[in-house]
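Q: Below are the sequence and a predicted model; questions follow.
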Amino acid sequence: QVQLVESGGGLVQPGGSLRLSCAASGFSLDYFAIGWFRQAPGREREGVSCFSSSDGSTYYSDSVKGRFTASRDNAKNTVYLQMNSLKPEDTAVYYCARTPDCSGKYLYDFWGQGTQVTVSS
């Protein structure tokens, strides 16, 4: 049974950091990429990052480039999104999702339940 479980969200002050986790089960990250998305109230869902450990490719949206970093723990079959220098506009529900690779050719077929990130003083 394929499952993705996000965790690590919370309330943080501007300039602070959070690390989100996306724990995968039912499949190996050796063969799939993980995308991170976010959706703020009243706004469209936005792609934030795509991480493919099979070929080492990683992509970031312009809005988070230089501040967010995706990585993987092989032993835990988990992908992380380290978020630094957080801004109020990063406030959203963050989701991870599975796709065959980061080329953009394929749909994301399984999604996690989401974790809330709130950046506020």
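A: Yep, that arrived.
Q: Just give me the neighbour total for Gln13.
A: Neighbours of Gln13 under the rule other CB atoms under 10 Å: 10. (Each C-beta comes from the backbone N, C-alpha and C, glycine too.)
Q: tell me the contacts of the residue minimising distance to the centre of the chain?
A: Geometric centre of the chain, nearest residue: Trp36, 2.9 Å, by CA atoms, centre = their mean. Residues in contact with Trp36 (CB atoms under 8 Å, 6 or more residues apart in numbering) are Leu20, Cys22, Gly47, Val48, Ser49, Cys50, Phe51, Ala70, Leu81, Tyr94, Tyr95, Cys96.
Q: Turn the residues you listed into TSV, including pLDDT and distance to Ala40.
A: Putting the contacts of Trp36 into TSV (pLDDT from 0 to 100; distance: CB to CB, whole Å) gives the following:
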residue	pLDDT	distance to Ala40
Leu20	98	15
Cys22	98	19
Gly47	96	14
Val48	97	12
Ser49	97	16
Cys50	96	20
Phe51	95	22
Ala70	96	20
Leu81	98	16
Tyr94	98	10
Tyr95	98	12
Cys96	98	17
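Q: looking at these, which has the most residues close by?
A: Tallying neighbours with other CB under 10 Å puts Cys96 at the head of the contacts of Trp36, with 31 neighbours.
Q: got the phi/psi numbers for it?
A: phi -110, psi 150 (degrees, to the nearest 10).
Q: So what pairs up with it in the strands?
A: Beta-bridge partners recorded for Cys96 (DSSP bridges): Trp36.
Q: these two touch, right, it and Gln113?
A: No: using CB atoms under 8 Å, Cys96 makes no contact with Gln113, being 9.7 Å away.
Q: Overlap in contacts, those two.
A: Both Cys96 and Gln113 are in contact with Glu6, where contact means CB under 8 Å, 6+ apart.
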